[in-house]
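Asker: the following comprises the amino acid sequence and a computationally predicted model.
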Amino acid sequence: MSIFANVDMAPGDPILGLTETYRADPRKEKVNLGVGIYVDDAGKVPVLEAVRRVGETLAHANAPSSYLPIDGLAAYNRETQKLVFGADSALLAAGRVATAQTIGGSGALRVGADLLKQVLGDKAHLAASKPTWGNHHAVFKAAGFKLSDYRYYDDASHGLDFAGMLEDLGKLEPGTVVLLHACCHNPTGVDPSAAQWQQIAALLKDRGLLPFVDMAYQGFDKDAVADATAVRVLADSGIPAFVVANSYSKSFSLYGERVGALSFVGADRGEAERLLSHIKTTIRTIYSSPATHGGKLVAGVLESPELHALWERELGAMRERIHAMRAAFVDKLAALGAPDFGFVNAQAGMFSYSGLSKAQVDRLREEYAIYALSSGRICVAALNTGNIDYVTRAVAAVCR
Ligand SMILES: Cc1ncc(COP(=O)(O)O)c(C=O)c1O
């Protein structure tokens, strides 16, 4: 008898499981609004020209594939710090930021969670928005955290329950880690305004809470600078310490290269140096060092003023296409006499909490081969000029 005979089947990932069902669906006209991937108007994951050019140079260089340092490529970390904190950041000038290249944004979350657990011990407690990306709970739970949530999304207004959020954050024990989405909140698409971030930062500082900012969609709402407002506000707030996990999966369309970074902000240069030493020992015990190719692609783009500018334009084009699809979704549904979906225009990033019920989502899948999450989350970045009429007609039908 095998040692593994009693191992049960693990529950499948709801989002990836939905994609498998979608792939197996034999119907010709089908649309996957479930997964968080940006596709272009032809339904393809784009290869950004700025990235392609660096890739071409790398291919010609034919460099041997040695190990990277534990914390990754120095140029990658330097450019990441500038993008996340701002080139003129006082925190960077003061040497208060410790950054390491990681295996995607997910790797940054896990390394960060593991390190925080080492520091906080039995007190490790994460408060995340209700709702949040499902993997947040899974990652912090696996790292040994207790979990709770704070109010965030307001069903009635399809917007932010800001008063509820502040009230819940205000009740947390000092030292609680508070997970915040920098922008393009997944799954709702609802973000605090700059003024609200100021209030949130002041409260976090007053209560002695530790912000952990997850920035997976920088540049998908306004631009790379404006979308980092949460980080910049925290930096200016005088809060002594916070953490940022960022991902280039979406902003560079490099999903499979697993490019992310983890930054710990400490009270001073010495604290940052000590934190970096622990980030490195944590990485060493999980995957030893990050992957070379994706790191070189991102660093190559960000380091070159010309390619950096080209990337910003390409990111802008992705963003504009999403905005256009939001507007088309809202307008076409209005023209079809559906209930008002105007709130979708106010939401940011790839996702929208559409307000569709589970029963309506089920009907979309069963009757129209349109796949969305049972929460009603749809990926607006999967809409295109070829499927928008089909999708809006189907949505209007299930709303009737
Ligand atoms: C909110 C959020 N954080 C982190 C990630 C992880 O990004 P990565 O694919 O780089 O691991 C995602 C990816 O979907 C996400 O939506």
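Answerer: Sure, I can see it.
Asker: can I have stretch 19-35 written out in CSV, keeping just the CAs?
Answerer: The C-alpha coordinates for stretch 19-35 follow below in CSV (Å, rounded to 0.1, in the frame of the first residue of the first chain):
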residue,chain,number,x,y,z
THR,A,19,-10.9,28.0,-17.6
GLU,A,20,-10.5,24.2,-18.0
THR,A,21,-14.3,23.9,-18.3
TYR,A,22,-14.3,26.7,-20.8
ARG,A,23,-11.6,25.0,-22.9
ALA,A,24,-13.6,21.8,-22.9
ASP,A,25,-16.8,23.6,-24.0
PRO,A,26,-17.4,22.5,-27.6
ARG,A,27,-19.7,25.4,-28.5
LYS,A,28,-18.2,27.6,-31.3
GLU,A,29,-19.2,31.0,-29.9
LYS,A,30,-17.8,31.1,-26.4
VAL,A,31,-16.2,33.8,-24.2
ASN,A,32,-14.0,33.4,-21.1
LEU,A,33,-14.5,36.4,-18.8
GLY,A,34,-13.3,34.4,-15.9
VAL,A,35,-9.5,34.6,-16.0
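Asker: who's the residue of the stretch 251-400 of the chain found nearest the ligand bridged to?
Answerer: At 4.7 Å from the ligand, G260 is the closest residue in the stretch 251-400 of the chain, using Cβ to the nearest ligand atom. Yep, even glycine has a C-beta here, placed from its N, CA and C like the rest. Listed beta-bridge partners, G260: T102, S247 (assigned using DSSP bridges).
Asker: get me the contact residues on the stretch 201-350 of the chain for the ligand.
Answerer: 214, 216, 247, 249, 260 (Cβ under 6 Å from any ligand atom).
Asker: partners of S352 in the sheet?
Answerer: I378.
Asker: so for it, what's the pLDDT?
Answerer: Among the per-residue scores, S352 shows a pLDDT of 93.
Asker: next up, the contacts around the most centrally placed residue in the chain.
Answerer: The centroid of the chain falls nearest to A216 when counting by Cα atoms, centre = their mean (2.6 Å). Taking Cβ atoms under 8 Å, 6 or more residues apart in numbering as the criterion, A216 is in contact with 105, 181, 184, 186, 246-247, 249-250.
Asker: and which of the residues you listed is nearest L275?
Answerer: N246 (16.5 Å; Cβ to Cβ).
Asker: leaving out the residues flanking it, which one is nearest to that closest one?
Answerer: Nearest residue to N246, sequence neighbours excluded (Cβ to Cβ, 6 or more residues apart in numbering): M215, at 4.3 Å.
Asker: count the residues that sit near that neighbour.
Answerer: Using other Cβ atoms under 10 Å, M215 is surrounded by 27 other residues.
Asker: tell me which residues in the longest helix seen in the chain are buried?
Answerer: Ranked by residue count, the top helix of the chain under DSSP state H comes out as helix 305-335. Neighbour counts over helix 305-335 (16 or more other Cβ atoms under 10 Å) mark 307-308, 310-312, 314-315, 318-319, 321-322, 324-326, 328-330, 332-333 as buried.
Asker: elements contacting it?
Answerer: Counting contacts by 3 or more Cβ pairs under 8 Å, 6 or more residues apart in numbering; DSSP states H and E, helix 305-335 packs against helix 49-61, helix 292-303, helix 343-346, helix 388-399.
Asker: send the alpha carbons of the second one over as PDB?
Answerer: Extracted in PDB, the C-alpha atoms of helix 292-303 (Å, rounded to 0.1, in the frame of the first residue of the first chain):
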ATOM      1  CA  THR A 292      16.900  35.100 -15.300                       C
ATOM      2  CA  HIS A 293      15.100  35.600 -18.500                       C
ATOM      3  CA  GLY A 294      12.000  37.600 -17.400                       C
ATOM      4  CA  GLY A 295      14.200  39.700 -15.100                       C
ATOM      5  CA  LYS A 296      16.500  40.700 -17.900                       C
ATOM      6  CA  LEU A 297      13.500  41.500 -20.100                       C
ATOM      7  CA  VAL A 298      11.900  43.900 -17.600                       C
ATOM      8  CA  ALA A 299      15.200  45.400 -16.600                       C
ATOM      9  CA  GLY A 300      16.200  45.900 -20.200                       C
ATOM     10  CA  VAL A 301      13.000  47.800 -20.900                       C
ATOM     11  CA  LEU A 302      13.000  49.900 -17.800                       C
ATOM     12  CA  GLU A 303      16.700  50.800 -18.000                       C
END
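Asker: please settle this for me: is V119 part of a strand?
Answerer: No: under the criterion used here (DSSP: H, G, I helix; E, B strand; the rest coil), V119 is helix, not part of a strand.
Asker: please report the distance of it from the ligand.
Answerer: For V119, the distance to the ligand equals 22 Å [Cβ to the nearest ligand atom, to the nearest Å].
Asker: quick check: S374 touching V361?
Answerer: Yes: counting by Cβ atoms under 8 Å, S374 does reach V361; the two are 5.4 Å apart.
Asker: neighbour-wise, which of these two wins?
Answerer: Remark: of S374 and V361, V361 carries more neighbours, 23 against 16, as counted by other Cβ under 10 Å.
Asker: how many residues are close by the closest residue in space to the more buried one that isn't next to it in sequence?
Answerer: Nearest non-adjacent residue to V361, counting by Cβ to Cβ, 6+ apart: A372, 5.0 Å away. Neighbouring residues of A372 were enumerated by other Cβ under 10 Å; the total is 26.
Asker: so A372 touches Y353, yeah?
Answerer: No: using Cβ under 8 Å as the test, A372 is too far from Y353 to be in contact (10.6 Å).
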